[in-house]
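In: give me the fold of what follows.
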Amino acid sequence: MVPEDGAQQAAAATAEHPAVSEVDSFRRQVDDLASKTDVLERRVNEVVGFYDGKKHGSGGRRASGSSRYAANGARDSNCKGMPDLTRQLTGIIRQITSHEWSAPFLQPVDVVGLQLDDYHKIITKPMDFSTIQNKMEGKDGTKYKSVREIYSDVRLIFTNAMTYNDEHHDVHIMAKLLLEKFEEKWLQLLPKVENEERKQQVEPNDVPTTDTSPEDAIAKLAKDTDDEVGPLMDCYSFYCCVGID
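Out: Model (predicted):
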């Protein structure tokens with residue numbers, strides 16, 4: 001039997017629970033609103049920076065590829081606007097490749113020299129750190145679209161080694177240890193990756209086509225941003241009136 005006082009307390013807690021859930025939901029909506037505001041702010045800065053550059057005779061955006069729009073109107077291809085995360089992941093990779101056990105994974109497996117006749121039958125997608133580096137630099141004609149693709153290829157290096165070699169083999173043991181170290185560091189970076197992905201999800205598809213001039217692209221960006229500011233301000237007004245206790 002539950003004491004009467006205890007039952008009353010439980011009933012009171014149950015009655016309060018919906019209010020707590022409502023506040024949590026409210027806070028999540030506010031966080032989402034803040035994320036959307038960050039996106040709009042970046043887009044406003046893009047428009048202002050473009051016209052400010054033209055006013056000072058810079059000719060608008062440069063074609064160096066360092067800005068969001070290149071000369072052909074395409075978005076910078078550095079991992080979908082995640083250059084900071086790419087640099088951080090590169091730092092993690094540098095730590096892994098500096099480990100004393102990394103040597104077997106730095107270059108492609110020497111299948112001929114090691115007489116591994118069955119290697120390509122077992123490993124359908126070979127991977128190594130030099131191949132990852134070349135792809136990050138665009139040397140093979142392709143480039144990573146996201147940091148998750150880089151992460152997947154690093155994992156592939158070690159899972160390939162663990163798949164081909166027996167669990168008691170030195171290479172298997174080395175690969176397992178380095179994979180654990182890499183996964184530990186990736187988990188520290190993952191919240192930042194997910195946060196950036198959420199920001200990109202709320203950003204509209206404003207990538208101009210190759211035959212769109214920078215002026216037209218910026219004009220469209222300005223119009224889209226202006227169209228979204230009104231509803232966003234209405235939301236702000238509502239939340240400011242409601243408030244959170």
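In: list of residues touching the strand or helix carrying residue 154?
Out: Per DSSP states H and E: residue 154 is located in helix 147-164. Helix 147-164 is contacted by residues 79, 82, 85-86, 89, 93, 96, 104-105, 116, 119, 122-123, 125-129, 131-132, 135-136, 144, 171-172, 174-176, 178-179, 182-183, 186, 189, 193 when judged by C-beta atoms under 8 Å, 6 or more residues apart in numbering. Glycine gets a C-beta too; all of them are placed from N, C-alpha and C.
In: and the next element down the chain from it?
Out: helix 170-202.
In: quick one: buried residues of that next one?
Out: Residues of helix 170-202 classed as buried by neighbour count (16 or more other C-beta atoms under 10 Å): 171-175, 178-179, 181-182, 185-186, 189, 193, 196.
In: go on, stretch 139-146?
Out: Quick answer for stretch 139-146 (16+ other C-beta under 10 Å): 144, 146.
In: rewinding a little: in JSON lines: the buried residues of helix 170-202, plus distance to residue 151 and pLDDT.
Out: Listed next are those as JSON lines, based on distance: C-beta to C-beta, whole Å; pLDDT from 0 to 100:
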{"residue": "171", "distance to residue 151": "21", "pLDDT": "97"}
{"residue": "172", "distance to residue 151": "21", "pLDDT": "98"}
{"residue": "173", "distance to residue 151": "22", "pLDDT": "97"}
{"residue": "174", "distance to residue 151": "20", "pLDDT": "98"}
{"residue": "175", "distance to residue 151": "16", "pLDDT": "98"}
{"residue": "178", "distance to residue 151": "14", "pLDDT": "98"}
{"residue": "179", "distance to residue 151": "12", "pLDDT": "98"}
{"residue": "181", "distance to residue 151": "14", "pLDDT": "97"}
{"residue": "182", "distance to residue 151": "9", "pLDDT": "97"}
{"residue": "185", "distance to residue 151": "10", "pLDDT": "97"}
{"residue": "186", "distance to residue 151": "6", "pLDDT": "96"}
{"residue": "189", "distance to residue 151": "9", "pLDDT": "95"}
{"residue": "193", "distance to residue 151": "8", "pLDDT": "93"}
{"residue": "196", "distance to residue 151": "14", "pLDDT": "91"}
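In: name the residues of the helix holding residue 154 that come out as buried.
Out: Buried-residue list, helix 147-164, by 16+ other C-beta under 10 Å: 147-151, 153-154, 156-162, 164.
In: quick one: end-to-end length of stretch 142-151, please.
Out: Distance between the boundary residues of stretch 142-151 (C-alpha to C-alpha, to the nearest Å) amounts to 16 Å.
In: quick one: average pLDDT of it?
Out: What stretch 142-151 shows for mean pLDDT is 92.
In: closest one to residue 140 out of the buried residues of helix 147-164, please.
Out: residue 153 (12.5 Å; C-beta to C-beta).
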